[in-house]
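Visitor: have a look at this fold, sequence not included:
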Ligand code: C2E
Ligand code: MG
Ligand code: MG
C-alpha cells in the first residue's frame with residue numbers, strides 16, 4: 001500500500017519477501033527505490049507514483065526481477081492511497097510450467113503421457129517423411145498386470161509401473177549401441193499412455209531388424225525379477241511394432257497397427273514381439289466383421305439349427321438327432337460353427353445364442369411330435385461358458401416345460417476339458433441335470449485329457465468316440481485299439497457308446513463288431529434343416545416298421561445290416 005506521493009505505507013508478508021526487507025524497514029520508504037517501470041510513460045502513469053498497470057521490475061539488493069503490476073486506488077477518508085499488486089513473473093511461469101507438465105507428463109512415472117506422445121509421434125512422422133529414414137512405433141503392454149493389481153493391490157501395481165518405467169528407460173539408454181542410428185537427435189521417445197501401456201518411438205532406424213533388437217532387449221530387461229516390499233515380482237511384456245512410412249497410414253493408423261501387432265503377441269503366448277503386417281490386418285478386420293455380424297444375427301433370425309441323425313448300429317433304428325448350429329450370414333452363405341463358436345465364446349454372446357439353441361431344439365421336438373413323428377431324442381452342444389452360467393438349469397427346465405418335452409429326450413453334450421474342473425459349480429450343475437432327468441454325453445471323447453477319474457465322479461450316460469479315431473478305421477491298428485478300449489470302457493461303466501463321423505460301411509461294420517451302440521456320420525446322413533430331416537425320416541420309419549413287423553412275426557431279433565441305408 002502506498003500513499004499518493006509514492007511512499008510505502010504497509011505491505012503483506014509476500015511483499016516483504018519480494019522486496020527483501022521487513023515491514024518496519026519498508027514503511028515510509030519511497031516505492032521508486034524498489035519498483036521501476038521504464039515503459040511507464042505519459043498520461044496513463046499515476047502522477048505521484050510514476051507507475052501504471054503492466055510489467056515492472058522489482059529490485060531486491062542487486063537482483064532485479066520482472067513482475068506484473070496492478071494498481072488499485074483506495075480512497076481513505078482524508079487522502080488517497082494505492083494498492084499495488086505485484087505478481088512474480090517467475091512464479092507465474094512456474095505455474096504455467098507446472099500446468100504444462102501436468103498436461104503432458106504422466107504423474108506416476110514422469111514420462112510423456114498420451115497427449116505429448118501423440119505430439120511427438122506426429123513430429124517424428126514428419127521427420128521420417130523428410131529424411132526418408134523409417135521410424136518404429138512400439139506398444140508395450142505388460143502381461144497379466146491386472147492380476148498384480150487385483151491380487152497385490154494398487155500400491156504394488158504403482159510400484160511395478162515405476163519399476164517398469166525405469167527398466168525401459170535403462171534399456172533405451174544408449175540405444176544407439178544397439179541400433180545403427182544415423183542422426184541421434186532425438187532418437188527415442190518413451191511414453192506412458194496410462195494403465196500398463198507404454199510406447200517407444202524409435203526414429204531414424206535402418207530396418208525393422210533394428211526395432212526387433214530393441215524389442216528383444218526390452219523383453220529381456222523386463223524379465224529380471226525385482227522386489228516390492230516382501231514380494232518378488234517378475235513381469236513380462238507383449239510388444240507390437242508398426243513402421244513408418246513402411247505402413248502407409250496416418251498417425252491413428254500407425255498406433256492402431258502397433259496395437260493389433262501387440263494383440264497378436266498376446267495371442268502368441270505373451271512375452272514376445274510382433275510386427276504389424278497386412279495379413280494381420282486382414283485377419284483382424286475379418287474377425288471384427290465376423291463379430292459385428294454375429295451381434296445382430298439373433299435379432300435378424302440368421303441362426304438356424306441343422307439336425308444330424310444317429311442310428312442304432314445293430315437295428316438301424318434312428319434313435320435321435322444332434323442339433324448343430326449354423327449361421328446364414330448375408331453375403332457369405334451358411335457359415336459352419338467352427339468359424340464362429342469361438343467368437344461367440346470370447347464375446348459372451350454364446351449365452352444368448354446357446355439359450356436360443358436350447359429353446360429352438362425343444363420347440364422343434366414339440367413340432368415333430370405334433371407332426372406325428374416317433375419321439376426322437378435331441379442332443380445339444382454346450383460350451384464351457386454356458387455350462388458355468390447360473391441360470392442354465394432353470395432355462396433348460398423352462399424350455400422343456402414350454403414345449404411339453406420329457407427331460408429324458410434331451411441330451412447335453414459336454415467336452416472332457418469342462419469336466420476336468422472338479423469344482424462345486426460343476427458338480428452342482430451335473431447334479432441338477434441328473435435331478436431333472438437330462439442325459440449327459442461326453443463329446444469328442446479321447447481328444448481331451450488323459451485322466452479318466454471324472455467318469456467315476458459324475459454320472460455320464462454316453463461317450464461319443466471322436467471322429468479322428470473313427471476316420472482311419474479299420475486300417476489303422478492303433479485307432480482300432482483305441483476304439484476297442486473306449487467301447488470296452490463305456491460298456492463296463494454302463495454307458496452308451498456312439499461313434500462320430502462314420503463315413504464308410506467298413507467303419508460301421510467294424511464298430512458293430514466291436515460292440516459300439518450307435519453311429520452318427522455322413523454314411524447315415526449329413527446334418528440338415530428340420531424339414532429335410534422329417535422327409536428323410538419317412539422311408540426309414542417305414543423300413544423300421546416293416547422290419548419290426550416281419551422279425552416280430554418270425555420271432556427273431558436279428559441285427560440289421562446298414563448296407564441299405566442311404567449314404
Ligand atoms: P460336434 O459336436 O463334435 O459335432 C459333430 C461335427 O462333425 C459336426 O460339425 C458335423 O457336421 C460333423 N460331422 C458329422 N458327421 C461327419 C462325418 O461323417 N464326416 C465329417 N467329416 N464330419 C462329420 P459342425 O456341425 O461343423 O460342428 C462342429 C462343432 O461345433 C461341433 O462338433 C460342436 O462342438 C460345435 N457346435 C455345433 N453346434 C453348436 C452349438 O449349438 N453350441 C455349441 N456350444 N457348440 C456347437
Ligand atoms: Mg456334439
Ligand atoms: Mg464331436
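Guide: Noted; the coordinates are in hand. Quantities reported herein were computed from a predicted structural model and do not represent experimental measurements. Ligands and ions are numbered 1, 2, ... in the order given.

Visitor: low-confidence ranges in the stretch 351-500 of the chain?
Guide: Residue ranges of the stretch 351-500 of the chain with pLDDT under 70: 422, 449-451.

Visitor: show me which residues of it sit near ligand 3.
Guide: Residues of the stretch 351-500 of the chain lying near ligand 3 by CB under 5 Å from the ion: 443-444, 500. In this view, the C-beta of every residue, glycine as well, is placed from N, C-alpha and C.

Visitor: where in the protein is the helix or strand with the lowest mean pLDDT?
Guide: helix 89-104 (a mean of 73; mean pLDDT, DSSP states H and E).

Visitor: and the helix or strand just after that helix, what does it pack against?
Guide: Sequence-wise, the next helix or strand downstream of helix 89-104 (DSSP states H and E) is helix 114-131. With contacts defined as 3 or more CB pairs under 8 Å, 6 or more residues apart in numbering; DSSP states H and E, the packing partners of helix 114-131 are helix 89-104, strand 135-142, strand 188-194, strand 197-202, helix 251-267.

Visitor: lowest mean pLDDT across those, which one is that?
Guide: Mean pLDDT per stretch puts helix 89-104 lowest among the helices and strands packed on helix 114-131, at a mean of 73.

Visitor: now the angle from that helix to strand 188-194?
Guide: 70 degrees (axes from the mean of the first three to the mean of the last three CA atoms, to 10 degrees).

Visitor: which parts of helix 89-104 are buried?
Guide: Neighbour counts using 16 or more other CB atoms under 10 Å place 89, 104 of helix 89-104 among the buried residues.

Visitor: for residue 306, see how far away residue 347 is.
Guide: Noted for residue 347: a distance of 23 Å to residue 306, by CB to CB, to the nearest Å.

Visitor: who's more crowded, the two?
Guide: residue 306 (20 against 12; other CB atoms under 10 Å).

Visitor: tell me which parts of the protein are close to ligand 3?
Guide: Within the chain, the positions near ligand 3 by CB under 5 Å from the ion are 443-444, 500.

Visitor: filter these to the buried ones?
Guide: Among the residues of the chain next to ligand 3, the ones that count as buried by 16+ other CB under 10 Å are 443-444, 500.

Visitor: can you redo those as a markdown table with secondary structure and distance to residue 97?
Guide: Shown next, in a markdown table, are those (DSSP: H, G, I helix; E, B strand; the rest coil; distance: CB to CB, whole Å):
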| residue | secondary structure | distance to residue 97 |
| --- | --- | --- |
| 443 | strand | 66 |
| 444 | strand | 65 |
| 500 | coil | 71 |
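
Visitor: which one of those is nearest ligand 2?
Guide: residue 443 (4.2 Å; CB to the ion).

Visitor: what sits against that closest one?
Guide: Taking CB atoms under 8 Å, 6 or more residues apart in numbering as the contact definition, residue 443 lies against 381, 413-415, 464.

Visitor: ok, now with 6 Å
Guide: 413, 415, 464 (CB atoms under 6 Å, 6 or more residues apart in numbering).

Visitor: got a winner among those for most neighbours?
Guide: Compared across the contacts of residue 443, residue 464 has the highest neighbour count, 25 neighbours, by other CB under 10 Å.

Visitor: which residue is the nearest non-sequential neighbour of it?
Guide: Using CB to CB, 6 or more residues apart in numbering and skipping residues adjacent in sequence, the residue nearest residue 464 is residue 498, 4.7 Å away.

Visitor: now do the host helix or strand of that neighbour: everything it contacts.
Guide: Taking DSSP H and E as the criterion, residue 498 maps to strand 496-499. For strand 496-499, the external contacting residues (CB under 6 Å, 6+ apart) are 462-465, 470, 487, 490, 511, 516-519.

Visitor: following element in sequence after it, please.
Guide: Next along the chain from strand 496-499, counting by DSSP H and E, comes helix 505-514.

Visitor: for that following helix, buried residues please.
Guide: Buried residues in helix 505-514, defined by neighbour count with 16+ other CB under 10 Å: 507-512, 514.

Visitor: also stretch 316-327?
Guide: 316-327.

Visitor: neighbouring strands - and their directions - for whatever helix or strand residue 84 lives in?
Guide: Applying DSSP H and E as the criterion places residue 84 in strand 80-88. If you go by DSSP bridges, strand 80-88 pairs up with strand 2-3 (antiparallel), strand 63-75 (antiparallel).

Visitor: make TSV from those strands and add mean neighbour count to it.
Guide: Below are these laid out as TSV (neighbours: other CB atoms under 10 Å):
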stretch	mean neighbour count
strand 2-3	20
strand 63-75	13
